[in-house]
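Q: pasting a predicted model and its sequence here:
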There are 2 protein chains.
Amino acid sequence: MIDRTYSDEITAEQDGETVSIAGHVHEIRDLGGLTFVIVRDREGKTQVVFKEENDEDLFEAAQDLHKEDVVQISGRVKASDQAPGGVELAPTGMEVISESDTPLPMEVAKDIESDLSTRLDNRAIDLRKPETYAVFSLRSKLMSAMEEWFDDEGYVDVDTPLISQEGAEGGAELFPVVYYGDEVFLSQSPQLYKQMLMAAGFDKIYETGTAFRAEAFATSRHVSEIAMFDVELAYIEDHHDVMDVQEESLRYALEQVAENARDELEVLDVDLDVPTEPFPRITFDEARDILATEYDHVPDDSDDLDTKGEKLLGEHFEEQGHPAFFVVGYPNEKFYYRQNVPGDDIASRKFDLVYKGQELSSGGQREHDIETMEQLMDEQGADPENFHFYLEAFRFGIPPHGGYGLGIDRLVQKVADLENIKEAILFPRDPDRVTP
Amino acid sequence: MIDRTYSDEITAEQDGETVSIAGHVHEIRDLGGLTFVIVRDREGKTQVVFKEENDEDLFEAAQDLHKEDVVQISGRVKASDQAPGGVELAPTGMEVISESDTPLPMEVAKDIESDLSTRLDNRAIDLRKPETYAVFSLRSKLMSAMEEWFDDEGYVDVDTPLISQEGAEGGAELFPVVYYGDEVFLSQSPQLYKQMLMAAGFDKIYETGTAFRAEAFATSRHVSEIAMFDVELAYIEDHHDVMDVQEESLRYALEQVAENARDELEVLDVDLDVPTEPFPRITFDEARDILATEYDHVPDDSDDLDTKGEKLLGEHFEEQGHPAFFVVGYPNEKFYYRQNVPGDDIASRKFDLVYKGQELSSGGQREHDIETMEQLMDEQGADPENFHFYLEAFRFGIPPHGGYGLGIDRLVQKVADLENIKEAILFPRDPDRVTP
């Protein structure tokens, strides 16, 4: 490896020592006989002070630098109260590893607000910004912590296929794939496979995967290619066991990030709200009551809460110190997503998790009785032929089970406090964007 | 959660205590007035002994059980030398949670060798077999350990898109997708995106992702939907830095599995060979010399080693105590995969990792000089227009970098000692199979 020390590892205690740094040239400030070069690496920035009086050749070389050149610079550490981070480097050697063209297609260093479309068009440049990088460093730590919780609890990390003959949701929301001459589809959800694994006795599983939705949307919370964190567990009493798992794992992941991603949160200027209290679990009817009485809001669809409704409920609960809550008991759901229990105090065993006013996941207890399932399919007009393998799995003994699918991009959007979900994705896809 | 203890947690020390188990009925043996029921859960099996003289109702209920029913049984633990695992249960209560149809489409309990196609057609049943489940429990532990190594080393876990306008390899090996009326393609490799992130200063990244190859193959080591573990790192001196990373991370993952997945390895009857010595790194020419002189084998393609060649080299090195080795310096490679260095002692900075006689990954130092890159593209007939975003990322300062892509399915195949790669995948996809 090329000899280098990360910016944040150079401290005032090293005053007088020689170190080597490497990174992109972030800024160049010429003060006549004195040139400040700010070198940026993944962990931060280091100020290098080139003085004509010290070394004429090196000083000349600094004059030839461009923003975003990749350089390796060795120098003596100097403690300095004026310098950012309390240290600067007096250079003793420099190598330009890779030169940058000028002008840059967009600014990295200056705090110019580019619109999102320009940022995404030039994503390889946009990702150089410390505040953009921080999102993805945070995302990585968040998901590692999440997986760690499930690993520690004995869950099996599974990979279900992305190419299938049938989608879970079906219909117009599927992307067709030409597969050796046949038409197949991209997966919208691992739901059916998760349930087949429950039948197979896998007991507790999770999957960090991808889902595809061919919807023609134009919102700040939808994309066509979605990162999903899916969970399914067997031998549950009811959907509250599933909510327990989601609540504990999310709390753990947020706690870990609050601790391990302090730098990222600082760069993003986020004061992370880790829920300490149990998440409220309100029924669908209670949710609609709150909206009607407190906000005079009645969602159009009587079987659902709308985006505005979720946002208002988010405010309602955040005021009470709850950034996250569950809404339980949606009256209608597709047959593979929930179980109806006659005489149950709630209409269905489906729940949604709302975090900071946005739905992050849907889950529930699933139906595991094949006769009820077949009846539901019949009522909902689903052709059993299209679900042959799925139903087959239910015929030979299947434990009660439930689970949920969490939108990773939405979670990151909310944790990093981003306006648009696309900011939480390296190279997002929507109806108008399939590049870079 | 339903009250239950896993099979492997019931010990002879609990003699006389009451426990509750839940799982599938694995076997039923009727000895007249005495019925042995073996209950299987994820962690193993428990023998339950129903005696007519003890409880007539329970004994009758046991007569009505079918293989693969899901049951919950409470009972008193009895230490017993004859029983598998040294304990059995004297039942005090039983509930049939879910009944199984008869007959089963394939046997779970009996040691009948089904052909792979039958097994995959009935995968939800096949996955109930302890030796099938062990593969995926092992796979989960192996990949968790792998990711842990990279997390600890400060790598950022990234998600690159699976839908793109252009493939890395291009041509006939791409699956077309109908994307809002346009034709786009499924990703064959995150290669281009990994390199764009190196340009963006991400420094060290890994991705557990999916790659798609539309090849018309029929081998025991190819599938159409592939689980890939991709790594890329910047500021390398050369490709040996990349090999160091691959060697250390693989050794760590194998060590962890040897320790944490002992039960799975035992069920699979695998004596895991963890490489303790440094992996040999031989040149392409040396590899061909060994094949010619020791095995009288000359691969057809003068620029590659063939499958037989890899297998023979595997034998050669395994005899010397090396289950893994690198072959370095392939003479020809696509422009985005390797760097040519004039006067280098090797023809190219590309390497392959061979483990137990099978190529698991390809990697190398990449070209980062845009002019050389454009020249290579010209020589290889690639249209720069198709690589617009990729080249753009190289124009504004990019550090030297390299990486590799490791086939997860192949790794699991080799670690679990499976004949066919499809056995290492829950629901594999090939030219003839897109179900279940």
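A: Ah, there it is.
Q: show me the shaky parts of the stretch 51-200 of chain A.
A: A:167-171 (pLDDT under 70).
Q: how much space separates the closest residue to A:Arg281 other than its chain neighbours from A:Asp304?
A: Spatial nearest neighbour of A:Arg281, chain neighbours left out: A:Phe326 (4.4 Å); criterion: CB to CB, 6 or more residues apart in numbering or on different chains. (Glycine included, C-beta is placed from N, CA and C.) Distance of A:Phe326 to A:Asp304, computed by CB to CB, to the nearest Å: 15 Å.
Q: ok, those two, which is more surrounded?
A: Taking other CB atoms under 10 Å in any protein chain shown, A:Phe326 and A:Asp304 do not tie; A:Phe326 has more neighbours (23 against 15).
Q: CA atoms of the helix or strand hosting the more buried one as PDB?
A: Using DSSP states H and E, A:Phe326 sits in strand A:324-328. Extracted in PDB, the C-alpha atoms of strand A:324-328 (Å, rounded to 0.1, in the frame of the first residue of the first chain):
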ATOM      1  CA  ALA A 324     -41.200   5.700  15.800                       C
ATOM      2  CA  PHE A 325     -44.600   3.900  16.200                       C
ATOM      3  CA  PHE A 326     -46.500   1.000  14.700                       C
ATOM      4  CA  VAL A 327     -50.000   1.200  13.200                       C
ATOM      5  CA  VAL A 328     -51.600  -2.200  13.600                       C
END
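Q: starting from the next helix or strand along the chain from that strand, tell me which strands it pairs with and how they run.
A: Moving toward the C-terminus from strand A:324-328, the next helix or strand (DSSP H and E) is strand A:350-355. Taking DSSP bridges as the criterion, strand A:350-355 forms sheet pairs with strand A:324-328 (antiparallel), strand A:358-365 (antiparallel).
Q: who touches the last one?
A: What it means is strand A:358-365. Residues from elsewhere that reach strand A:358-365 (CB atoms under 8 Å, 6 or more residues apart in numbering or on different chains): A:221, A:231, A:236, A:238-239, A:242-243, A:246, A:310-311, A:314, A:333, A:337-339, A:348-354, A:400-407, A:410-411, A:413-414.
Q: what do you get for stretch A:81-90?
A: Contacts to stretch A:81-90, defined as CB under 8 Å, 6+ apart, come from residues A:7-8, A:10-12, A:14-15, A:19, A:21, A:38, A:44-49, A:51, A:54, A:73, A:75-80.
Q: please spell out which residues along that stretch are buried.
A: For stretch A:81-90, burial by neighbour count (16 or more other CB atoms under 10 Å in any protein chain shown) applies to A:Ala83, A:Val87, A:Glu88, A:Leu89, A:Ala90.
Q: in the strand holding A:Phe326, what's buried?
A: For strand A:324-328, burial by neighbour count (16+ other CB under 10 Å) applies to A:Ala324, A:Phe325, A:Phe326, A:Val327, A:Val328.
Q: after the helix or strand encompassing A:Val48 comes which helix or strand?
A: Here A:Val48, judged by DSSP H and E, is contained in strand A:44-51. Counting by DSSP H and E, the next helix or strand C-terminal to strand A:44-51 is helix A:56-63.
Q: helices or strands next to the following helix or strand past that next one in the packing?
A: In the C-terminal direction, the helix or strand that comes right after helix A:56-63 (DSSP H and E) is strand A:70-79. Contact analysis of strand A:70-79 by 3 or more CB pairs under 8 Å, 6 or more residues apart in numbering or on different chains; DSSP states H and E lists strand A:18-30, strand A:34-41, strand A:44-51, strand A:87-98 as its packing neighbours.
Q: show me what the second one is packed against.
A: Meaning strand A:34-41. Looks like strand A:34-41 contacts strand A:18-30, strand A:44-51, helix A:56-63, strand A:70-79 (3+ CB pairs under 8 Å, 6+ apart).
Q: repeat that for the first one.
A: Other elements packing on strand A:18-30 under the criterion 3+ CB pairs under 8 Å, 6+ apart are strand A:34-41, strand A:44-51, strand A:70-79, strand A:87-98.
Q: between those strands, which one is nearest to B:Phe136?
A: Checking those against B:Phe136 by CB to CB gives strand A:34-41 as the closest, at 39.4 Å.
Q: related to what we said a few turns ago, does the strand holding A:Val48 reach chain B?
A: No. On the criterion CB under 8 Å from any CB of the partner chain, strand A:44-51 is out of touch with chain B, staying 11.4 Å away.
Q: ok, is stretch A:55-65 in contact with chain B or not?
A: No. Shown here: stretch A:55-65 not in contact with chain B (CB under 8 Å from any CB), separated by at least 10.4 Å.
Q: what's next to that stretch, contact-wise?
A: With contacts defined as CB under 8 Å, 6+ apart, stretch A:55-65 is touched by A:25, A:28, A:30, A:35, A:37, A:50-52, A:71, A:91-94, A:96.
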